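Trainee: task: produce atomic coordinates for the following.
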Amino acid sequence: MRKEIKKKRFVKKVKKRLPWLAHATDNAKDILEIAPNDTLHIKVPKNSLCLICRGTKMLCGKKRCPILEKYYSFMKIKDLINTRDLEGSSPPDIFVGRIGYPYVYVGPLMPPFRGDTSFLSKTEEWLKNNISIQKVIDNRVKLVRGKILVNVTKPEKGGRLLELTRELVLSTSYVDGEMILKKPPSGTMLLDDYVQPMGLSAPIQDLQIGTFKTDPRIEKMYYDEDIMARDAVIELFYKNVYVSSIQKAFSAGIFGLKNNRRLVPTRWSITAVDSIISRYLRDNFIKNYETIDEYQVYETYNLDNRFIILMIPDIWGYELIEAWYPETLWNPSKTSISIGGDYEFYKGRTTYASIGGCYYAARLAVTEYLAKIRRQAKIVIFRESYPGYILPVGVWLVRESVRKALRNKPKSFSTLEEALKYVDSKTKISLRYWFETSGILRDLKEQQRLDKYLLPLKSTRS
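Mentor: Take a look at the predicted model:
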């Protein structure tokens, strides 16, 4: 039996933050990037429990120590990257930074070994292979970030090193290469909620890449200087190019009109591509389709994150709500669960979603699915993140988790009450708290009285 909660409130709403990006393709200047240091540097706050625990007592409540996980991954490749002459095979992948915009560091990502390294970068394949969070860290920490300082608004003046870096995104497979670095890689491993983890970095003195086979679909967009970047993104999506590959090419600034091409920081390019594709599918197709004819619930569980997608037979509407349990990545509280979300109705949004890139990553997945089945629906996505999610791995997790859930057979219901009861049975948080945060569900409540759907409060279940 469920136990009634003694405390009046154990869930808190996340206050909406001022968006760092007004629109997915704007040149935002609210930037933050981990700066390089001379050695691997792990910082903890003064008087932190980390200084007492040192990874032995798990005083933070996590199942594994995030600091030690990063350290173990780094130690596996430490000796291989302690060199100025790094030979390896790029997946291929590149990274465009943000700090100092429009003058930013750009460069290839390359591990200290050769062979088929495509698995280090193909996020679309990771969940299909049931990858663990430790494996994600292991894979990505192997990638050394070469750095060239360039002006993103003038890529044509970036010189030979930038030209070779941009060519990598044209490849259909891994590319053998050699980076001569000005010093051995150093700094802090890059951990970002938008971008996949990656290893240490160093300025590039020289770069050589081997021959490779270009992807004719991306190459066509590269040489077509009369097509807008937005249209290039959409065309490549319809030609079944991986979204992750489109994002890299978009970041490299190889799309767009001849005189308007720009490099785009990796963090921004990921959300821009998700936003462009999902908006196009929503406005040009989904809104013209008939609605689904029953309530459907899809679900999946990955890297200690639970995703539940509720589809409602109604005109387009979309919402993503995220709940972070105590001692998880974005919720250091020991006593309460943090909930935040954002939504749009039929006309879409005019401002950047307050919860960031996850919103657009999930929206791409659901619009892709609805376009495929040629139906329209109102969508509410519930995400619960548990303490096992110890490090950020990027918004790909949200996109690919929702895609994975939508590949599963759904549970079907004839009424909203039945669908909500099933959702309630799968989430650890009472449905009441989802309602308090949700814009879509509140709107439904105003349209028809849904008080009867609200179940009694329940305690968290382990």
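
Trainee: spatially nearest residue to residue 150, not counting backbone neighbours?
Mentor: Distance criterion CB to CB, 6 or more residues apart in numbering; nearest residue to residue 150, sequence neighbours excluded, is residue 158 at 4.4 Å. Backbone N, C-alpha and C define where each C-beta goes, glycine included.

Trainee: now that neighbour: phi and psi?
Mentor: Dihedral angles of residue 158 (phi, psi; degrees, to the nearest 10) stand at phi -80, psi -10.

Trainee: per-residue pLDDT, it?
Mentor: In this model, residue 158 is scored at 89, pLDDT.

Trainee: so who does it touch?
Mentor: Shown in contact with residue 158 (CB atoms under 8 Å, 6 or more residues apart in numbering): 106, 148, 150, 151.

Trainee: tell me the buried residues within those residues.
Mentor: 106, 148, 150 (16 or more other CB atoms under 10 Å).

Trainee: relative to residue 272, how far out is the residue nearest to residue 150?
Mentor: 21 Å (CB to CB, to the nearest Å).

Trainee: how about residue 249?
Mentor: From residue 249 to residue 272 the distance is 12 Å (CB to CB).

Trainee: those two: which has the busier surroundings?
Mentor: residue 249 (29 against 25; other CB atoms under 10 Å).

Trainee: just confirm that one is within a strand.
Mentor: No. The assignment for residue 249, made by DSSP: H, G, I helix; E, B strand; the rest coil, is helix rather than a strand.

Trainee: quick check: the farthest pair among the contacts of residue 158?
Mentor: Within these, two members stand farthest from each other by CB to CB: 148 and 151, at 11.1 Å.

Trainee: show me the helices in the stretch 51-200 of the chain, by range?
Mentor: For the stretch 51-200 of the chain, the helices defined by DSSP state H, counting those that start in this stretch cover 66-81, 123-126, 133-141, 159-167.

Trainee: output those helices as CSV; include the columns distance to residue 303.
Mentor: Formatted as CSV, the helices of the stretch 51-200 of the chain follow (distance: least, CB to CB, whole Å):
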stretch, distance to residue 303
helix 66-81, 13
helix 123-126, 10
helix 133-141, 5
helix 159-167, 30
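
Trainee: dump these to JSON lines, plus mean neighbour count.
Mentor: What follows is the helices of the stretch 51-200 of the chain, written out as JSON lines (neighbours: other CB atoms under 10 Å):
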{"stretch": "helix 66-81", "mean neighbour count": "16"}
{"stretch": "helix 123-126", "mean neighbour count": "18"}
{"stretch": "helix 133-141", "mean neighbour count": "20"}
{"stretch": "helix 159-167", "mean neighbour count": "18"}
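
Trainee: who wins for proximity to residue 426 among these?
Mentor: helix 133-141 (21.8 Å).

Trainee: let's see that closest one as PDB, backbone CA atoms only.
Mentor: Output in PDB follows, covering the C-alpha atoms of helix 133-141 (Å, rounded to 0.1, in the frame of the first residue of the first chain):
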ATOM      1  CA  ILE A 133      26.800   5.700 -18.800                       C
ATOM      2  CA  GLN A 134      30.300   4.500 -18.000                       C
ATOM      3  CA  LYS A 135      30.800   3.400 -21.600                       C
ATOM      4  CA  VAL A 136      29.600   6.700 -22.900                       C
ATOM      5  CA  ILE A 137      32.200   8.400 -20.700                       C
ATOM      6  CA  ASP A 138      34.900   5.900 -21.700                       C
ATOM      7  CA  ASN A 139      34.200   6.400 -25.400                       C
ATOM      8  CA  ARG A 140      34.100  10.200 -25.400                       C
ATOM      9  CA  VAL A 141      37.000  10.900 -23.100                       C
END
